[in-house]
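Undergrad: this one's structure only:
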């Protein structure tokens, strides 16, 4: 088994805010992340798949094919979007935290990975914070 | 003369859209950057000052003091904000492009730099794009 | 289970030297790292916790809270310090290698992580060397 | 158990091309990577070993010794070489994909790691692609 | 005047070798860079233009347009190519050093930059080496 | 004229402290940087030279030769050293600030650069702070 990782990126806006909480509680828990006019990030996605290299190509998966799938299925729906409002695979009212978004990306991407195993998705929100999900 | 550079960062939302243009022209020029629900970035600011090192401290400027000034005057007004809506020193209706924002930061920061010369401000919007302004 | 990682950093001095060895053996094993007048590094700490995202916040742990804990419990005791002399949770005479320091950080931080599981601490000493500890 | 990682790098040329395929199929699968005049990369190798820190040195392995072994056994044979033509431990006709090369590096390096366990080798081909092998 | 920089990248093979020198002199001057079977790099190009931001767009140049020009005129001719053999704008027999290639890129790109001034091209060959040309 | 830059690095300890000041004033100005038991950094040096590429080699300067000179003249004297105590070209009692050290490196390196012009030395102390000197 070899693990192959492909990185992609997108830029998006979001806001952390719990609708059934008071403004004070939102401010206390989320601080500046609750700003009603949004803020945003340059996100990096790392998709790791596992498998045996194909004897002809030496590939677990063709990284260009993998990139194309991630672009079509994930990046096109997230890039230059608002994670609270614009993304069909992030349920209405779900908090668009790094943790929740990485799970949503996993669920959306998984059916499209064929011929090898989706092993891990890592979503980096800033240089200081990232989340990883293994399914 | 020695040049000293201090880096700070902020996360913000923005949108590129020219109000006196049609939606089609905005789409044509700005593409996904015109998304009405905003997108955002992890911005890095690099502030460079020039001067002679002080014989006692060896400093052109005390980098901790410089950091504090940039935090108070610039970062606190930009971090987790919307560059189109929330920032008093970015004029209403001005396009919050990397180029325009770096000029606004220069004008806002300049009166606060004392004892040495503000030489350059660099604003990095993504790994692929940055703007520099020398006054 | 989602894994959330928060990065913090500190700058410190240290020296590798085994007191019950001859100077020659120390020189042979540690080379320049044995310099009696110390050397130092910009260290990066990556703290990874595991858990289920909270339904309201979307957080495994509030990354700002995690950052505050790491700052108070770890970084304040390591930043701009001498790892051989100044740190109460690095035992006197223990070699302050990347491996040993990462274990000390784990033991010191662990009791403060509540509501999720401390999974891994990674300590990066240079661009070329890092150690990871899983408890 | 602590995991220690050492990074090394090399620059090399290669080409992806399956000899028993037509030019059209090679072009379709490998695209520009099949260019008959080669292309190349700045590769980074991350070697991770696992073990208990030695009580005297604090080391799982002496990182300078590990670096020397990786240089002698691996980097000297890959750096400024052609991965298809010049490397005795990459079998003739094997596709020099990131996946295959990382396995070859593992097999070549493994007998030289003593006193601790070789845990993982990661080979980064570009900022966007890397492969990991755990034996 | 504001300076806007756009980064692009390409992967290429090359070899440093002076045809009218003996093998010994080539070995002495170029060392491993003279390997007859080539080696390669992940190159980064930084293109900096200077001008006044347009009042409507806030742009010195539309960075997406600039990216498209660099892709079409430069990257398509360099990416996954051999710099000694495959590139029409690198003269036959010219040494494909970082310094020479950055000049060739400048000369090839310059006629395509309109509405602002081409200020600098920086070509990064490895993390340790880059060349800059200002025309 | 082309500008060629070579990066090298070293790890060192230092302390900022003005001997003719009180402990209180040192604490006020330098804060944690005044720790009597030292702290340290991973430093990066970027040396930029300017000249015409040689017609045979394509080099402004042979980057391997430049690296060797920087290693011998600068890095060997700074790496794993104490900048306050161990370095003959940093005068006794001079504050080892980034600004002062970059000037000392310039003065020490300049006589060794032949056949092209030493243009700039940049010394990076942390990801957030660097100093540049042009002579």
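TA: Right, received. Where do you want to start? All values reported here derive from a predicted model rather than from experimental measurement. Numbers count the residues shown, from 1 in each chain, chains lettered A, B, ... in the order given.
Undergrad: do you know how far the residue nearest to residue A:103 when sequence neighbours are not counted is from residue C:52?
TA: Ranked by CB to CB, 6 or more residues apart in numbering or on different chains and with sequence neighbours excluded, the top spatial neighbour of residue A:103 is residue A:133, at 5.5 Å. For every residue, glycine as well, the C-beta is placed using N, CA and C. Distance, residue A:133 to residue C:52, by CB to CB, to the nearest Å: 11 Å.
Undergrad: looking at it, residue A:124 is touching residue A:8, isn't it?
TA: No: with contact defined as CB atoms under 8 Å, residue A:124 does not count as touching residue A:8 (11.1 Å).
Undergrad: just to revisit the earlier point, could you tell me how many residues sit around the residue nearest to residue A:103?
TA: 21 (other CB atoms under 10 Å in any protein chain shown).
Undergrad: ok, and the closest non-adjacent residue to residue A:77?
TA: Residue A:77 sits nearest to residue A:87 (CB to CB, 6+ apart), 5.5 Å away.
Undergrad: three-state assignment of the one you found?
TA: Following DSSP: H, G, I helix; E, B strand; the rest coil, the label given to residue A:87 is coil.
Undergrad: interface residues of chain A facing chain C?
TA: A:16, A:18, A:21, A:29-31, A:94-100, A:102-103, A:127-134 (CB under 8 Å from any CB of the partner chain).
Undergrad: mind checking which of those land in helices?
TA: A:29, A:30, A:98, A:99, A:100, A:102, A:103 (DSSP state H).
Undergrad: could the residues you listed go into CSV alongside neighbour count?
TA: Shown next, in CSV, are those (neighbours: other CB atoms under 10 Å in any protein chain shown):
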residue, neighbour count
A:29, 20
A:30, 22
A:98, 27
A:99, 26
A:100, 24
A:102, 25
A:103, 21
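Undergrad: in CSV: these, plus pLDDT.
TA: Shown next, in CSV, are those (pLDDT from 0 to 100):
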residue, pLDDT
A:29, 97
A:30, 97
A:98, 98
A:99, 98
A:100, 98
A:102, 98
A:103, 98
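Undergrad: nearest to chain E among these?
TA: Chain E lies nearest to residue A:98 out of these, by CB to the nearest CB, at 25.5 Å.
Undergrad: how about the closest one, what does it touch?
TA: A:123, A:125, A:129, A:130, A:131, C:4 (CB atoms under 8 Å, 6 or more residues apart in numbering or on different chains).
Undergrad: could those residues go into JSON lines alongside distance to chain B?
TA: Putting the contacts of residue A:98 into JSON lines (distance: CB to the nearest CB, whole Å) gives the following:
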{"residue": "A:123", "distance to chain B": "13"}
{"residue": "A:125", "distance to chain B": "8"}
{"residue": "A:129", "distance to chain B": "10"}
{"residue": "A:130", "distance to chain B": "12"}
{"residue": "A:131", "distance to chain B": "16"}
{"residue": "C:4", "distance to chain B": "17"}
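Undergrad: out of those, who's nearest residue E:35?
TA: residue A:130 (38.5 Å; CB to CB).
Undergrad: element containing the residue nearest to the closest one when sequence neighbours are not counted, please.
TA: Once flanking residues are discounted, residue A:130 sits nearest to residue A:124: 4.1 Å by CB to CB, 6+ apart. For residue A:124, the host element (DSSP states H and E) is strand A:117-126.
Undergrad: just checking: what are the partner strands of that strand?
TA: Using DSSP bridges, the strands paired with strand A:117-126 are strand A:39-51 (antiparallel), strand A:129-133 (antiparallel).
Undergrad: re the thing from before, now the common contact residues for residue A:133 and residue C:52.
TA: Contacts common to residue A:133 and residue C:52, judged by CB under 8 Å, 6+ apart, are residue C:2.
Undergrad: just give me the residue closest to the centre of chain A.
TA: Closest residue to the average C-alpha location of chain A: residue A:102 at 4.1 Å, with CA atoms, centre = their mean.
Undergrad: what pLDDT does the model give the residue lying closest to that one once chain neighbours are set aside?
TA: Once flanking residues are discounted, residue A:102 sits nearest to residue A:123: 4.1 Å by CB to CB, 6+ apart. Listed pLDDT for residue A:123 reads 98.
Undergrad: residues contacting residue A:123?
TA: A:43, A:44, A:45, A:46, A:98, A:101, A:102, A:105, A:130, A:131, A:132.
Undergrad: got phi/psi on residue A:24?
TA: phi -60, psi -50 (degrees, to the nearest 10).
Undergrad: ok, now how distant is it from residue A:34?
TA: 11 Å.
Undergrad: for chain A, what are the low-confidence residue spans?
TA: Nowhere does chain A drop to pLDDT under 70.
Undergrad: from the contacts of residue A:98, pick the one nearest chain F.
TA: Nearest to chain F among those, with distances taken as CB to the nearest CB, is residue A:129, at 16.1 Å.
Undergrad: report the contact partners of the closest one.
TA: By CB under 8 Å, 6+ apart, residue A:129 lies in contact with A:98, C:4, C:5, C:6, C:7, C:63.
Undergrad: most widely separated two among these?
TA: Among the contacts of residue A:129, A:98 and C:7 lie farthest apart (CB to CB), at 13.0 Å.
Undergrad: quick one: residues contacting the closest residue to residue A:126 other than its chain neighbours.
TA: Closest residue in space to residue A:126, ignoring its immediate chain neighbours: residue B:42 at 5.5 Å, by CB to CB, 6+ apart. Applying CB under 8 Å, 6+ apart to residue B:42 gives the contacts A:41, A:42, A:126, A:127, B:9, B:11.
Undergrad: one step back: only whichever of the contacts of residue A:123 are buried, select them in PyMOL.
TA: To isolate in PyMOL the members of the contacts of residue A:123 that are buried, counting by 16 or more other CB atoms under 10 Å in any protein chain shown, one can use:
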select buried, chain A and resi 43+44+45+46+98+101+102+105+130+131+132
